[in-house]
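J.: The following comprises the amino acid sequence and a computationally predicted model.
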Amino acid sequence: MAKMTPNTVSARKHVDTMALVTRNLGKRKRAEWRFRAYGVAAILFGFACLLILFSDIIAKGHGAFFQTQVYVQVPLNAQRLQITDPSSTAQLAKANYDSVIEQGLIEDQMRINGAIGSTAADKRQLLNLISTGAVYTVEETLSDTPSLLNQTVGVWLVADDDVDNYVKSLGHSGEGISGRLSQQQQGWVDNWIAHEQVRQAFNTTFFTSGDSREPEQAGIRSALMGSLFMLLVTIGLSFPIGIAAAIYLEEYAPKNGLTDFIEVNINNLAAVPSIIFGLLGLAIFIGFFDMPRSIPLVGGLVLTLMTLPTIIISSRAAIKAVPPSIRDAAYGLGASKMQVVLHHVVPLAMPGMLTGAIIGFAQALGETAPLLMIGMVAFIVDVPDNLMDPSSALPVQIFLWADSPERAFVERTSAAIMVLLAFLITMNGLAVWLRHRLGRSHQ
Amino acid sequence: MSSNSGYNRLFDPMQETGRPLDFAQHGLGNKTVGNSFSDKAKMSVRNLNVYYDDKQAIHDVSLDINRNEVMAMIGPSGCGKSTFLRCLNRMNDTIDNCKVEGEVTLDEHNIYDRKQDVVPLRARVGIVFQKPNPFPKSIYENVAYGPRVHGLVSRRAQLDEIVEDSLRRASLWDEVKDRLFSSGTGLSGGQQQRLCIARTIAVNPEVILMDEPCSALDPIATARIEELMADLSQNFTIAIVTHSMQQAARVSNRTAYFHMGRLIEVNDTRRVFTNPEHALTEAYITGRFG
């Protein structure tokens, strides 16, 4: 070996190696390209699924943001209304608005059509074209301007959901889906359309009222407020508790069997199905502490329990990722443990902690199963004012509407999903912004 | 087994020179040669033993560090010199499985006393680490941090004064005076290390420990820090761990040679490098192992 001329040896080796390298180069490049292509394919697949989901939801749900209204000349006849003083709220509350609306509709069709069927059933059919909520519109008109009593006033009244569907389907395909409308009713609606007495107005009801049996009167406000209150409870409790637990476990707790046991259990809790947390909440908060059912406080507490493991695990990971050299530097200057944690570890770990917490909150916002267990699945019409008012939650509302037979609930279900997604995107956007801001201040 | 392999690793280079070490005569268990003790000691270490779990890292080390001197600690990797240094301000407390036995006194007060609080101790004995580790905050905040946590100042003007003074003493002021409020991590490696020194000086400690402060720096940055050490030794007692024997020879008054957790030799620096008493020291400084 030692006697060989070093030059020849290395030269031959060089040639052989280069030949081999060149021969394999193409194969390597192809493998490299394939590897990248897999990644691009995965991302495209994800995007495609998302696009299909979004376009489906938007296509189904966008209609719910508009509702059909019908222009009717309503004679505000004092006799029919059975009132004498239009400025008295007590009288207004008891007035017979159905009667004047019916009269208005009949006169309206007589004017357009010349005649309608004269039986009571015909009149009922005609009245059914207008939402039962229309009486409130008339009441409002009268209470706003009491001088309108005994005059005929033109108002836009919300149509019944069957009319709404019929008009919307006409707009889409030209072919009206009549649904539960009779031949006669369709004729009346067609008349209205012909005389431009029908319009599509923004559906404010959807955002201002609670659930209802009548789709045209159903809204998400009750569910939205319920979700908001629950989220407040969850953020208020699980973020400080989670971070405090993570800091203690990571910075203070001795590494022994007990802390290992705690760590294993936290990891297990993160994987427990959420309905189990619902059962836990039912047993503890409602069963033992005797709190009322269906209230956002209990919902928030249950979701707090559910999100805590996620927040603790991600916060611990964020704390672990703080470079030990920073800790050493602070200790070396004589900072106490609390000062090291509060001045250096927590600020540096905060972006990571926030990310974990937001994931937890987003999970909590979309959670349905545990809320079913604590009675938040109830039919709630009133909008909750505080943490102790019975309320629903957005995902539960979606679940309830998806279960309803009325056609008009289909688009409301999709619309509610859109609102929930908007809520989630806003929260995630906020998280990204916060992380960016915090990250920048520590460069 | 492990002690045997260590013995062999040590022994092999000696055989090449034809001057094998006689371990019975110069062996590891023997007492430290040279002058470990002094009557003007700032810090005194007596019979220090340090264990990581069951593994003993420091074996029965006794050493005095004099007021206003630069004490260099040299030795091959893993000889325990950094561990020893970190014992001097109880930085080893932050390591869970580390156990320290023996006595370390600062002005004749045992810092391992049960009643000793590490916070004031570290205000008196500061430390500069191997890798520059400025906080991810502004230059000003880096220097101001120590005085702030110890509550040394009550007014902003005082703090400004301390920051300027510390940066001047770390010979960094002229380079950063126009960008005090930009990030400390944006400086070059050498500047970062001088910032770390300024940060340590700002607390006005009595002793400064330096754990291989130049090993991550280029020669020019190293030269600046070495100059700085000479200046600093007028006001502070400095203990420095270094891998570079040239550096030890340049900056220190006395040098301690560590080997496998034992203190082999302590002497005036010139004496250690020109006329070492112990065969292991000689083998190390002549580059036959390390």
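T.: Structure received. Numbers count the residues shown, from 1 in each chain, chains lettered A, B, ... in the order given.
J.: Can you pull the residues of the stretch 51-200 of chain B lying near chain A?
T.: B:89, B:91, B:94, B:96, B:118-123, B:126-129, B:131, B:133-137, B:145-146, B:149-150, B:183, B:185-186, B:196, B:199-200 (CB under 8 Å from any CB of the partner chain). The C-beta positions use only the backbone N, C-alpha and C, and glycine is treated the same way.
J.: Could you pull up the residues touching residue 282?
T.: Chain wasn't specified; assuming chain A. Residue A:282 is in contact with A:373, A:374, counting by CB atoms under 8 Å, 6 or more residues apart in numbering or on different chains.
J.: other chain: chain B
T.: residue B:276.
J.: does it belong to a helix or a strand, and which?
T.: For residue B:282, the enclosing helix or strand under DSSP states H and E is helix B:279-285.
J.: go on, residue A:260?
T.: Counting by DSSP H and E, the secondary-structure element that holds residue A:260 is helix A:257-270.
J.: average model confidence for the next helix or strand after that helix?
T.: Next along the chain after helix A:257-270, taking DSSP H and E as the criterion, comes helix A:274-281. What helix A:274-281 shows for mean pLDDT is 93.
J.: Sort out which residues of helix A:274-281 are buried, please.
T.: A:274, A:277, A:278, A:280, A:281 (16 or more other CB atoms under 10 Å in any protein chain shown).
J.: and chain B, which of those residues reach it?
T.: Near chain B, by the rule CB under 8 Å from any CB, you find none of those.
J.: Tell me the one of these nearest residue A:218?
T.: Of all those, residue A:218 sits closest to residue A:278, with 25.2 Å by CB to CB.
J.: Touching, the closest one and residue A:376? I think so.
T.: No - if you go by CB atoms under 8 Å, residue A:278 and residue A:376 don't touch, sitting 9.4 Å apart.
J.: For residue A:231, pull up the helix or strand it's in.
T.: With DSSP H and E as criterion, residue A:231 is part of helix A:221-247.
J.: now the angle from that helix to helix A:257-270?
T.: Angle, helix A:221-247 to helix A:257-270, by axes from the mean of the first three to the mean of the last three CA atoms, to 10 degrees: 160 degrees.
J.: Against which helices or strands is helix A:221-247 packed?
T.: When contacts are defined as 3 or more CB pairs under 8 Å, 6 or more residues apart in numbering or on different chains; DSSP states H and E, helix A:221-247 packs onto helix A:296-320, helix A:346-365, helix A:394-402, helix A:408-440.
J.: Which of the residues of the stretch 51-200 of chain B next to chain A fall within strands?
T.: B:126, B:127, B:128 (DSSP state E).
J.: Which residue ranges of chain B form strands?
T.: Counting by DSSP E, the strands of chain B are B:33-34, B:41-52, B:55-66, B:70-74, B:98-106, B:109-110, B:125-128, B:207-211, B:237-241, B:254-259, B:262-268.
J.: contact partners of the second one?
T.: Residues outside strand B:41-52 that contact it (CB under 8 Å, 6+ apart): B:56-68, B:80, B:83-84, B:87-88, B:92, B:95, B:97-108, B:125, B:206-207, B:237, B:239.
J.: from those residues, which would you call buried?
T.: Buried residues within the contacts of strand B:41-52, counting neighbours by 16+ other CB under 10 Å: B:57-66, B:80, B:83-84, B:87-88, B:92, B:98, B:100, B:102, B:104-106, B:125, B:206-207, B:237, B:239.
J.: residues in contact with residue 196?
T.: Since you didn't name a chain, this refers to chain A. Residue A:196 neighbours (CB under 8 Å, 6+ apart): none.
J.: nope, chain B
T.: Applying CB under 8 Å, 6+ apart, the residues near residue B:196 are A:329, B:128, B:129, B:132, B:133, B:134.
J.: Spit out the contact partners of residue B:60.
T.: By CB under 8 Å, 6+ apart, the neighbours of residue B:60 are B:47, B:48, B:49, B:102, B:262.
J.: For residue B:74, see how far away the first one is.
T.: Spatial separation of residue B:47 from residue B:74 under the definition CB to CB, to the nearest Å is 22 Å.
J.: Settle it for me: which of the two has more neighbours?
T.: For residue B:47 versus residue B:74, neighbours defined as other CB atoms under 10 Å in any protein chain shown are more numerous around residue B:74 (29 against 11).
J.: The more buried one: what's its closest spatial neighbour, skipping adjacent residues?
T.: Counting by CB to CB, 6 or more residues apart in numbering or on different chains, residue B:248 is the residue found nearest to residue B:74 once chain neighbours are left out, at 5.1 Å.
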